[in-house]
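Participant: Curious how this folds, go ahead:
(one chain, ligands or ions: 1)
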Amino acid sequence: MITNLSEKIYYVGVNDRRTDYFENHIEIPNGVSYNSFLIVDDKTVLIDPVEVGFTDEYLHKIRQIIGSRGIDFLIINHAEPDHSSALATVIREYPEITIVGNAKTFAPLEAFYGEIRNKKIVADGETLNIGRHELQFFTVPMVHWPESMVTYEQTTGILFSNDAFGGFGALCGGIFDDEVNASFYEDDMRRYYANIVGKVAAPTLKAIQRLGSLKIKMIAPSHGLIWRKDIAHVLENYTKWSSHQSEEGVVIVYGSMYGNTARMADIIAQGVAAAGIKEIKVYDVARTESSFIMSDIWKYKGVVIGACAHYGNMFPNMTMLVHELNEFKPQNKVFGLFGGMSWSGGGLKTLSQFAEEGKWNLVAENVEVKGAPIREDDIERLFELGRKVGEETVSR
Ligand code: FEO
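Facilitator: Numbering: from 1, shown residues only. Here you go, the predicted structure:
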């Protein structure tokens, strides 16, 4: 069955439930969708293709709608292969098709797929009339790559926003926010933001502000739900995340070999709770893939990180998370650090180096414990660390 966004605009996207890791490093237990759209008018237009592994299904959907008719234009809003990798197949199938992109689109596209014969370069704000529909292009650099743009269909008010406003989670039956339990997608949408878009929060906020002047009746991203009922909600979320607004709560993450650093985390959590914080998330970094932890860090104000020692350094699994923290730079956080010494020390020392490099806002005294947290003074220091971070987290 084919779903319409409007009378002549069709959804031809696909669901990916077989890829374990998006970008080969972010777990997607609920899958992901590669949304693509077909407009049938005097000209036929495809907006963003799909991932190359799904081309049979994709072409079948297109043929169901247009039969043997050709396709005039393929708009590439973004050259990243999760969207663009079906390009070569589409060109083979429709050799007369013209590929539409902006001045920055074709360098990465041709680097990935070779020379493109028929191309049309559009400027920021330029329009393309295809009959009854009028498409307008807006460049949104760095949301998510330098060549990123969005396409706005003026007569229906549909914004084809590519990565912006997207989320993880394959579409299960309904494709619109009012057809499904949208709250099911909420966490996966924030996780997508925190691990894909968060790094470019400033340009994203700029793009939201700029696109805000359009009369948007529907937001059709290239991943996840299409928003037609509660557009305000998705705009609000993206604005909140892009402007680094946090909620009251604390994320405690530990790396522990024999459970002693884990015990420290539990004492710290008690301190946080004593400060009146109800939202407390405790994660073992060896057991939870870092994208889930990053997502909660983006959400909550307080972050406490602890690692046991490992050959004078820190527990190795912690490296990925702290590297990403310094790469993505979530703002307006309060941090606390702790570590287990083992025989060498090094957990807290290495964490401190990351904290210094990332200019983390440390609000409590670092705590390092020899062996297990069984001595009263150690327990007290850990509890105080939690209490202090908790107090600094309280919304005022
Ligand atoms: Fe969904 Fe930046 O690609």
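Participant: all helices in the stretch 1-150 of the chain, in order from the N-terminus.
Facilitator: With DSSP state H, counting those that start in this stretch as the criterion, the stretch 1-150 of the chain has helices at 55-66, 81-84, 87-93, 106-113.
Participant: Tell me which of these sits most buried.
Facilitator: helix 81-84 (a mean of 21; mean count of other C-beta atoms under 10 Å). Just so you know, the C-beta spots here come from the backbone N, C-alpha and C atoms, and that holds for glycine as well.
Participant: just how off-centre is that helix within its chain?
Facilitator: 15 Å (C-alpha atoms, centre = their mean, to the nearest Å).
Participant: wait, does it make contact with the ligand?
Facilitator: Yes - Helix 81-84 comes into contact with the ligand (C-beta under 6 Å from any ligand atom), by way of 82, 83.
Participant: What helices and strands are in contact with that helix?
Facilitator: Under the contact criterion of 3 or more C-beta pairs under 8 Å, 6 or more residues apart in numbering; DSSP states H and E, helix 81-84 touches helix 106-113.
Participant: how about the nearest residue to residue 263, chain neighbours excluded?
Facilitator: residue 373 (5.2 Å; C-beta to C-beta, 6 or more residues apart in numbering).
Participant: whoops, residue 83 was the one
Facilitator: Residue 83's closest residue in space is residue 48 (C-beta to C-beta, 6+ apart), at 4.9 Å.
Participant: tell me the contacts of the one you found?
Facilitator: Residue 48 sits next to 35, 36, 37, 75, 76, 77, 78, 83, 84, 160, 162, 222 when contact means C-beta atoms under 8 Å, 6 or more residues apart in numbering.
Participant: Same question for residue 260.
Facilitator: The contact partners of residue 260, by C-beta under 8 Å, 6+ apart, come to 308, 340, 369, 371, 372, 373.
Participant: ok, now residue 392?
Facilitator: Contacts of residue 392 by C-beta under 8 Å, 6+ apart are 301, 302, 334, 363, 364.
Participant: Once you drop chain neighbours, what's closest to the first one?
Facilitator: Counting by C-beta to C-beta, 6+ apart, the nearest residue to residue 301 once its immediate chain neighbours are dropped is residue 246, at 3.9 Å.
Participant: rewinding a little: the residue nearest to residue 263 is in contact with residue 265, isn't it?
Facilitator: No - using C-beta atoms under 8 Å, residue 373 is not in contact with residue 265, being 9.6 Å away.
Participant: Which positions in the stretch 151-300 of the chain make contact with the ligand?
Facilitator: Residues of the stretch 151-300 of the chain lying near the ligand (C-beta under 6 Å from any ligand atom): 163, 222, 223.
Participant: on that earlier part again, top of the contacts of residue 260 by neighbour count?
Facilitator: In terms of neighbour count, residue 340 stands highest of the contacts of residue 260 at 33 neighbours, by other C-beta atoms under 10 Å.
Participant: Contacts only, for the closest residue to the ligand within the stretch 151-300 of the chain.
Facilitator: The ligand sits closest to residue 163 of the stretch 151-300 of the chain, with a gap of 4.4 Å, by C-beta to the nearest ligand atom. Residues counted as contacts of residue 163 (C-beta under 8 Å, 6+ apart) are 78, 80, 143, 144, 148, 196, 197, 221, 222, 223.
Participant: before we move on, what about residue 59?
Facilitator: 89, 90, 93.
Participant: export those to JSON lines and tack on pLDDT and distance to residue 99?
Facilitator: As requested, the contacts of residue 59 are exported to JSON lines (pLDDT from 0 to 100; distance: C-beta to C-beta, whole Å):
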{"residue": "89", "pLDDT": "96", "distance to residue 99": "13"}
{"residue": "90", "pLDDT": "97", "distance to residue 99": "9"}
{"residue": "93", "pLDDT": "97", "distance to residue 99": "13"}
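Participant: So which of those residues is the closest to residue 64?
Facilitator: Closest approach to residue 64 among the contacts of residue 59 (C-beta to C-beta): residue 93, at 14.1 Å.
Participant: ok, how many other residues are close to residue 180?
Facilitator: For residue 180, the count of nearby residues is 16 (other C-beta under 10 Å).
Participant: With neighbour count and pLDDT added, can I get the contacts of residue 163 in JSON lines?
Facilitator: Formatted as JSON lines, the contacts of residue 163 follow (neighbours: other C-beta atoms under 10 Å; pLDDT from 0 to 100):
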{"residue": "78", "neighbour count": "25", "pLDDT": "97"}
{"residue": "80", "neighbour count": "19", "pLDDT": "96"}
{"residue": "143", "neighbour count": "26", "pLDDT": "89"}
{"residue": "144", "neighbour count": "20", "pLDDT": "88"}
{"residue": "148", "neighbour count": "27", "pLDDT": "96"}
{"residue": "196", "neighbour count": "22", "pLDDT": "93"}
{"residue": "197", "neighbour count": "22", "pLDDT": "90"}
{"residue": "221", "neighbour count": "25", "pLDDT": "97"}
{"residue": "222", "neighbour count": "26", "pLDDT": "97"}
{"residue": "223", "neighbour count": "26", "pLDDT": "97"}
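Participant: And the nearest residue to residue 341 once chain neighbours are set aside, what's its pLDDT?
Facilitator: Nearest residue to residue 341, sequence neighbours excluded (C-beta to C-beta, 6+ apart): residue 370, at 4.6 Å. For residue 370, the model assigns a pLDDT of 95.
Participant: Also residue 343?
Facilitator: 80.
Participant: and it, what is it in contact with?
Facilitator: Applying C-beta under 8 Å, 6+ apart, we find residue 343 in contact with residue 309.
Participant: Same check on residue 212?
Facilitator: Shown in contact with residue 212 (C-beta under 8 Å, 6+ apart): residue 235.
Participant: Pop out the phi and psi values for it.
Facilitator: Torsion angles at residue 212 (phi, psi; degrees, to the nearest 10) stand at phi -60, psi -20.
Participant: got the residues of the stretch 1-150 of the chain near the ligand?
Facilitator: With C-beta under 6 Å from any ligand atom as the criterion, the stretch 1-150 of the chain meets the ligand at residues 78, 80, 82, 83, 144.
Participant: With distance to residue 359 as new columns, can the residues you listed be given to me in TSV?
Facilitator: Output for those, formatted as TSV (distance: C-beta to C-beta, whole Å):
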residue	distance to residue 359
78	31
80	30
82	32
83	34
144	24
